[in-house]
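Q: Fold the following.
(chains A and B, ligands or ions: 2)
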Amino acid sequence: MSLSALLNEYGGMYLRALLNTWRLTAICFTGAFIIGVLVTVLRVCPVKPLRAFGVFYVQVFRNIPGAAMLIILVYALPRLRILLSFEMCVIVASVLIPSAFCSEHLMSGMNTINPGQIEAARALGLTFTQMITRIVIPQALRSTVLPMTSLCVSTMLTTALGSQVSLRPHQLELTGVVNYINSRAVGGIMAFAISAALYVMTALLIGWVGARIDRKVRILR
Amino acid sequence: MSIQTASDVPMIELKNVNKHFGSLHVLKDISLSVKKGEVVVIIGPSGSGKSTLCRTINRLETIDSGEIWFDGAKLPEEGRELANLRSQIGMVFQSFNLFAHMSVLDNMTLAPTSVRRVPKAEARAEAMRLLERVGVGDQAHKVPAELSGGQQQRAAIARALAMHPKAMLFDEPTSALDPEMIGEVLNVMTELAREGMTMVIVTHEMNFARRVSDRVIFMDGGSIVEENTPEAFFSHPRTRRAADFLQSIQK
Ligand SMILES: Nc1ncnc2c1ncn2[C@@H]1O[C@H](COP(=O)(O)OP(=O)(O)O)[C@@H](O)[C@H]1O
Ligand SMILES: [Mg+2]
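A: Ligands and ions are numbered 1, 2, ... in the order given. A predicted model of the protein is given here:
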């Protein structure tokens, strides 16, 4: 099909798919971010078993392919009597995997903090929690805006897992919509090119926002 | 028998303190008592354990044996009590260590508001007063990297003072500064000493040490080799090692 024919017939679906991809990306990145911060706090806390758990968590989710993760969620969880909708399975997979990478970025961000500042915080009488929340995490975040921007893009790409489960037509995201169209008509490469263009456009937008935030919060040294 | 008054209790007291880094014996049976209002300068060659000694006083470094007392109480091992004790001891580092992501003013108010629960407005007013006092009031809204080294160190001193510490520890506060900025920091410290602050100062500024200190401690190889008045120490040191050290830095 030609571009104009595709857009004529499926333009509305593409638009909805774009919005779904945006929605999934926002939800998953936010979730990954929050979990990533918490896991990172565990990885540096003074309690050894919690540190070990943090490391274990990251090793597990950093090394599982998204598709494998999805299979586990879709086929294994029901055996444990945990029933998640297909969409929820996609969301969980697209939260857990990026959360491990988020923690990795934060750990490297922490390494940029001069240890003298940690000592100064301790010398002033700050507790561990105060030091983490007021000094360590804020600086780690400010120095990792650009890697986090890439993580946001890769989270968006991970949400393409949505194409591997059967979502309702109104739930389809940008990759799923291509499958949907190609199963009904011969959309060919063009059907995919439209989604690809929308992915690229979104990635550029995320990159632009990230660069602006980075310029604003970057720490002068 | 005389009644012990609070002012008889030393502000800082180390009793037979030993510390190792692996097989390296960094502090060898150190005993030292600092009275309230006293200014003690620690001098000695690099690697002699001066920083380590200074850092054991607020337990940034743990010790292997011995005891450390601060204002009549033994140092807590950890947790909130240790944090509370640390908040009563100001510390100034060679590399300033201001929090890089905060304005100078926020550096000043962080500990008072979060550790002491001082209301924000009050903490800010106090911070501005202290910053004016050390001569960097006009830098309050900048981030540390925008200040010169001397300004950063004066702000760091003010940050420690904002907690109203009972004593101050200085670990080579001017060693990272360009020569023209050393004076401004030493002036602030001199003024503090005049006001009766209890101070332990590791420094290589001999003129300052002579002028401001009540007592000089000379360390070498992890031991206190000589303890003397500044006058006597700088004009006729008792020990050979101190004499050699003074000779070596004279030129
Ligand atoms: N964290 C550490 N781990 C191992 N060795 C250390 C550590 N800190 C200091 N040292 C060693 O302990 C000795 C005393 O160091 P320090 O107290 O910094 O001396 P000074 O301040 O007098 O130069 C030095 O030999 C130094 O290399
Ligand atoms: Mg030192």
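Q: Other residues contacting stretch A:37-45?
A: A:50-51, A:53-55, A:57-58, A:99-100, A:102-103, A:106-107, A:110, A:128, A:132, A:136-137, A:140 (C-beta atoms under 8 Å, 6 or more residues apart in numbering or on different chains). From N, CA and C alone the C-beta is placed, and that goes for glycine too.
Q: Swap in 10 Å and give it another go.
A: The contact list for stretch A:37-45 (C-beta atoms under 10 Å, 6 or more residues apart in numbering or on different chains) reads A:49-58, A:61, A:99-100, A:102-107, A:109-110, A:128-129, A:132-133, A:136-137, A:140-141.
Q: Please pick the buried ones from those residues.
A: The neighbour-count criterion (16 or more other C-beta atoms under 10 Å in any protein chain shown) marks A:54, A:57-58, A:61, A:99-100, A:102-107, A:109-110, A:128, A:132, A:136-137, A:140-141 among the contacts of stretch A:37-45 as buried.
Q: Let me know the pLDDT of B:S7.
A: The score at B:S7 is 67. That number is its pLDDT.
Q: Likewise for B:V115?
A: Note for B:V115: predicted pLDDT of 94.
Q: Please tell me I have it right and it contacts B:L85.
A: No: the pair B:V115 and B:L85 fails to qualify as a contact (C-beta atoms under 10 Å) at a distance of 11.5 Å.
Q: Now do the shared contacts for the two.
A: Common neighbours of B:V115 and B:L85 are listed as A:G125 (criterion: C-beta under 10 Å, 6+ apart).
Q: ok, which residues in chain A are in contact with chain B?
A: Counting by C-beta under 10 Å from any C-beta of the partner chain, the residues of chain A close to chain B are A:46, A:112-131, A:133-135, A:138-143, A:217-221.
Q: Try it again at 8 Å.
A: Residues of chain A lying close to chain B (C-beta under 8 Å from any C-beta of the partner chain) are A:113-114, A:116-117, A:119-127, A:130, A:134-135, A:138-139, A:142, A:219-221.
Q: In helices only, show me those residues.
A: A:G116, A:Q117, A:E119, A:A120, A:A121, A:R122, A:A123, A:Q130, A:P138, A:Q139, A:R142 (DSSP state H).
Q: Now do B:E78: how many residues are near it, please.
A: Residues within reach of B:E78, counting by other C-beta atoms under 10 Å in any protein chain shown, total 10.
Q: Read off the pLDDT value for it.
A: For B:E78, the pLDDT comes out at 83.
Q: So what does it have for phi and psi?
A: Torsion angles at B:E78 (phi, psi; degrees, to the nearest 10) stand at phi -160, psi -170.
Q: if I look at it, how far off is B:N18?
A: In this view, B:E78 and B:N18 are 20 Å apart by C-beta to C-beta, to the nearest Å.
Q: residues near the closest residue to ligand 1 within chain A, how many?
A: Distance from ligand 1 to each residue of chain A (C-beta to the nearest ligand atom) is smallest for A:P115, at 10.4 Å. Applying other C-beta under 10 Å, we find 10 other residues in the vicinity of A:P115.
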